[in-house]
Every structure is written in C-alpha cells, then in structure tokens.
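Fold the stuff below for me.
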Amino acid sequence: MYDFAIIGGGIVGLSTAMALGERYPHAKILVLEKESQWAFHQTGNNSGVIHSGIYYKPGSFKAKFSRDGSRSMVEFCQKHDIDHEVCGKVIVASNQQELPRLENLYTRGLENGLPVKRISPEEVKEIEPHVSCVGGIRVFSTGIVNYKQVCLKYAELIRNQGGDLRLNTQVLKIVRSGKNQVLETNNGRFETRFVINCAGLHSDRIAKLGKANPEAKIVPFRGEYYELTPEKRYLVKTLIYPVPNPDFPFLGVHFTRMIDNTVHAGPNAVLSLKREGYKKTDFDFRDFAEVITYPGFWKLAAKHADEGIQEIIRSFSKAAFVKSLQKLIPEVQAKDVIPTHAGVRAQALMNNGSLVDDFLIINGENSIHVCNAPSPAATSSLEIGKAIVKQIPEPTHLHSLVSS
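You can find the predicted model right below:
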C-alpha cells in the first residue's frame, strides 16, 4: 500500500515525488514510468533553456512558476554541482513593424518582475555580433542546463528519501478499491491512497482512466531542429529569439547555445501523427484518428492556416528553414546547419479550438491530474511540484509524523 503514486517519470513527475518526500518523509511514495529511463520524452528532448517567464500572462501559473523556477532551478544546480549557465538572451525585432510587439513584450517582462532592458541594435551587436535587428530586449535571467541531468539528480534524491522508483512500468487501468485506487500495469498491481498523474503526452488518457475529465485533448506538435556545424558556432554567443507573433502559440525559430556548447536552431512546430513521433515518418493510427476527429483541431487549423502552412513548408524545405534563420543572422547558409533531434510538445487543446495557454492541473477523486505542462514546465518543475503538494489533502494516518 502506497500513500502516493505518481504516474510519469518526466521532470514534473519526479519533482512532485521529491516534494512529497520532503513534505511527508514517512510516506510511501511510488513513481511509475513506462520507459526504460527517466525523462525520456518531453524533458529529454527539449532545448535545455532555463526560461525567465517574459512571455506569459502576468498572474498566470506559467509567469509565476517560471520566474520563481528560474531561481530555484539555478539554486538546485548550484547545490548539486549540475552544469548550468545563466547566460541571458536577446529578443530582437527584425523590422519596424515588430517594434510595437517588442515594446509590449518589454512591458510584460516588467509586469512579471523580471530583470529586462531595452537595447539598441548597436547594443545587441555587443552581445551577439552577427545578429541583424532594429531593436532588442536583454533578458538577464535566462539560462541553460541539461534537464536529463537534473532529472537523474531528482531520482537519486527520491531514492534517498525512500521512494520506490519503477521503470518499464506502464499503467493500463485504474480501479477503485474502497477509498483507495489500484493501478494495473504491465508489471503488476499497485494500490495507493492518492494518484498524481504527470503522464505528459498521455496525461489526458490517464485522467480518463481515473474517471477525471480534463475537458481538453493532448495534441502533439513536433518541433524539429537544426544544429550549427562546429566551425559556425561562433555565430551565436548566448540565446537569440525573434519577437513572437502573439496570435500564434509558438515562439518562432531561434538560436540556442546548449550547455555542451553546441548551437541548435529551431524549432518549427508541425502536427505529429504520433504522440511520441519524433520522425516525420512516425505514425500511430489511434493517435492520428483522435486528432483528426477532434473538432477543436479543425477550429485551430482554420484559425492558424497560414502559419501552419509555413511551419509545414519549413519541415520539408531546408531552404525555407534557413531563410527564417537568416532573419536573425543573415550570414547563416544552408551548408552551415545539419539536422539534429526533434522534440514533441504535449499541448492541450480545448474543444472550441483554443490552446490551453497555462499549466492545467485538475482535481479528481483522491487524485490530481497535470493535463497541460509543456514549456516552461522544466524550468518550473520545482515550483510545480511544491504547488501540487499544497493541493493534496494531508493524509490523516501521517498527521502525527508530518515534518514541520
């Protein structure tokens, strides 16, 4: 019998388990992950950015958790000797038409309590000499890290707390047993008093297994990246972002210096035909059918048809992808970039065609379901974990043992 069972061994599931172990040191905590290693999907394939929170609506979970999370993540890495760097980033306007949006973004940064500064094209060139722009914002609190390393440290700390970590264990069914719940898996049955669903790309399905209604469906978007060749890495010193289109839910292709000193360029954002589809040829009939028969998808597609077509073109045309990169760094040529890994974003979509633009955490019977936690969830993971633990009713049998 477990007190808490967490489904999903990505960064949010592991951070939640760690936070539970800190809050309830005598609790029996279980983490189930269907893959053979931790952080296998969203966490292990993201760009490794410690986000500042500049893009997000003031007062939202994303704004608060990423602002606080950028600090707590850096503190965690310092404490545990994990490679990281607070290098900052620049967000640049490529033409005069983008300047009002740049100004709005600067204002939002101030509203979110971030250290940001408007900078001239000349000041941008002092930071990133090869960038072409008409204005920019310096965001000082942005950093880089390898989130897989972070997750391995989370897992180690959970083991030290006495937590039970199970890889290669996929939840197939959730059954009520009195006040408790039984998780039926490919690796046995586990009974628990409380379930926390952090299943990422499959979080909506797990919620339904637990008789909860997320009122949204996970639609997978694949983000494809190129990498600068070693001899061209000098073109990028830190991180370089365009001004995002506020009507489109993604940030646009950008340059990211990784913690291993490679430089990634991207991503685009195209519909994946499989929830875990990292290649263009990956296809799963169930995943595809769920999206294609979902009214919300067609409403979203109609609203963003032009942008969607451009993303698809960039997916199949290296020349088109490079052209979008040249808006930021004109010197970049097709021979300077080579394809690298892709990631899949688990984006929740409402039936009315609107994307869930904040973290979505819903309560079920003796359960909590994290049903939308794409970027900046990795940055925010420590804060999300603490917030989830605060929502969980204190187990009565642990009352006298709870740490102060």
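
Mind listing residues that contact stretch 57-74?
50-53, 56, 84, 86, 108, 111-114, 141-143, 145, 150, 357-359, 361, 376, 379-384, 387 (C-beta atoms under 8 Å, 6 or more residues apart in numbering). In this view, the C-beta of every residue, glycine as well, is placed from N, C-alpha and C.

Next, the buried residues of it.
61-70, 72-74 (16 or more other C-beta atoms under 10 Å).

Could you dump the residues you listed into a markdown table with secondary structure and distance to residue 257 added?
Putting the buried residues of stretch 57-74 into a markdown table (DSSP: H, G, I helix; E, B strand; the rest coil; distance: C-beta to C-beta, whole Å) gives the following:
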| residue | secondary structure | distance to residue 257 |
| --- | --- | --- |
| 61 | helix | 28 |
| 62 | helix | 23 |
| 63 | helix | 25 |
| 64 | helix | 27 |
| 65 | helix | 24 |
| 66 | helix | 20 |
| 67 | helix | 22 |
| 68 | helix | 24 |
| 69 | helix | 20 |
| 70 | helix | 17 |
| 72 | helix | 22 |
| 73 | helix | 17 |
| 74 | helix | 17 |
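
got TSV for these, with pLDDT too?
Listed next are the buried residues of stretch 57-74 as TSV, based on pLDDT from 0 to 100:
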residue	pLDDT
61	96
62	96
63	97
64	97
65	98
66	97
67	97
68	98
69	98
70	97
72	98
73	98
74	98
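
Narrow the contacts of stretch 57-74 to those that are buried.
Using 16+ other C-beta under 10 Å as the burial test, the contacts of stretch 57-74 include 50-53, 56, 84, 86, 108, 112, 114, 141-143, 145, 150, 358-359, 361, 376, 379-384, 387 as buried.

pretty sure residue 9 is in a helix, no?
No. Per DSSP: H, G, I helix; E, B strand; the rest coil, residue 9 lies outside any helix segment and is coil.

wouldn't it be in contact with residue 168 here?
No. Checked against C-beta atoms under 8 Å, the pair residue 9 and residue 168 is beyond contact range at 10.5 Å.

Now the element after the strand or helix carrying residue 123, going C-ward?
Element membership for residue 123 (DSSP states H and E) is helix 121-127. Sequence order places strand 135-139 as the next helix or strand after helix 121-127, per DSSP H and E.

For that following strand, which helices and strands make contact with it?
Using 3 or more C-beta pairs under 8 Å, 6 or more residues apart in numbering; DSSP states H and E, the elements in contact with strand 135-139 are strand 89-93, helix 99-111, strand 116-119, helix 121-127.

between it and helix 99-111, how many degrees?
Per axes from the mean of the first three to the mean of the last three C-alpha atoms, to 10 degrees, the angle that strand 135-139 makes with helix 99-111 is 20 degrees.

From residue 324, how far off is the residue lying closest to residue 294 once chain neighbours are set aside?
Spatially, and ignoring its direct neighbours in sequence, residue 294 is nearest to residue 217 (5.5 Å; C-beta to C-beta, 6 or more residues apart in numbering). Noted for residue 217: a distance of 29 Å to residue 324, by C-beta to C-beta, to the nearest Å.

and what of residue 234?
On the measure of C-beta to C-beta, residue 234 and residue 324 end up 21 Å apart.

can you check residue 243 too?
13 Å.

got any residues that touch both of those two?
residue 252.

The two: which is more packed in?
Counted by other C-beta atoms under 10 Å, residue 243 and residue 324 do not tie: residue 243 has more neighbours, with 25 against 20.

In this structure the more buried one contacts residue 103, no?
No. Taking contacts as C-beta under 8 Å, residue 243 lies outside contact range of residue 103: 9.7 Å.

one step back: residue 295 is in contact with the residue nearest to residue 294, correct?
No. Between residue 217 and residue 295 there is no contact, the gap being 10.0 Å when judged by C-beta under 8 Å.

And these two? Which one has more around it.
Set side by side, residue 217 and residue 295 show more neighbours around residue 217, with 20 against 13, by other C-beta under 10 Å.

residues in contact with that one?
204, 290, 291, 294, 296, 348, 349, 351.

Which PyMOL command selects the buried ones in these?
To isolate the buried members of these in PyMOL, using 16+ other C-beta under 10 Å:
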select buried, resi 204+290+291+294+296+348+349
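
Parallel or antiparallel, which strands does the strand or helix carrying residue 192 pair with?
Assigned by DSSP H and E, residue 192 belongs to strand 188-197. Strand 188-197 has the following strand partners under DSSP bridges: strand 2-7 (parallel), strand 180-185 (antiparallel), strand 367-372 (parallel).

Sketch out the strands for the stretch 301-404 of the chain, chain order is fine.
337-349, 360-364, 367-372 (DSSP state E, counting those that start in this stretch).

how about CSV for these, with distance to residue 267 and mean pLDDT added?
As requested, the strands of the stretch 301-404 of the chain are exported to CSV (distance: least, C-beta to C-beta, whole Å; pLDDT from 0 to 100):
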stretch, distance to residue 267, mean pLDDT
strand 337-349, 7, 95
strand 360-364, 22, 94
strand 367-372, 19, 96
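
Residue 330 is nearest to which of the ones you listed?
Of all the strands of the stretch 301-404 of the chain, strand 337-349 sits nearest to residue 330, with 14.0 Å by C-beta to C-beta.

Counting by contacts, list what that closest one packs against.
strand 217-228, helix 295-303, helix 318-326, strand 367-372.

in it, what counts as buried?
337, 341, 342, 343, 344, 345, 346, 347, 348, 349.

Quick check: neighbours shared by residue 217 and residue 295?
Here residue 217 and residue 295 share the contacting residues residue 351, scored by C-beta under 8 Å, 6+ apart.

Beta-bridge partners for residue 91, please?
residue 137, residue 241.

OK, contacts around it?
54, 102, 105, 136, 137, 139, 241, 242, 243.

residues contacting the closest residue to residue 152 other than its chain neighbours?
In space, and not counting its chain neighbours, residue 152 is closest to residue 38: 6.6 Å by C-beta to C-beta, 6+ apart. Neighbouring residues of residue 38 by C-beta under 8 Å, 6+ apart: 9, 10, 14, 148, 151, 152, 154, 155, 167.
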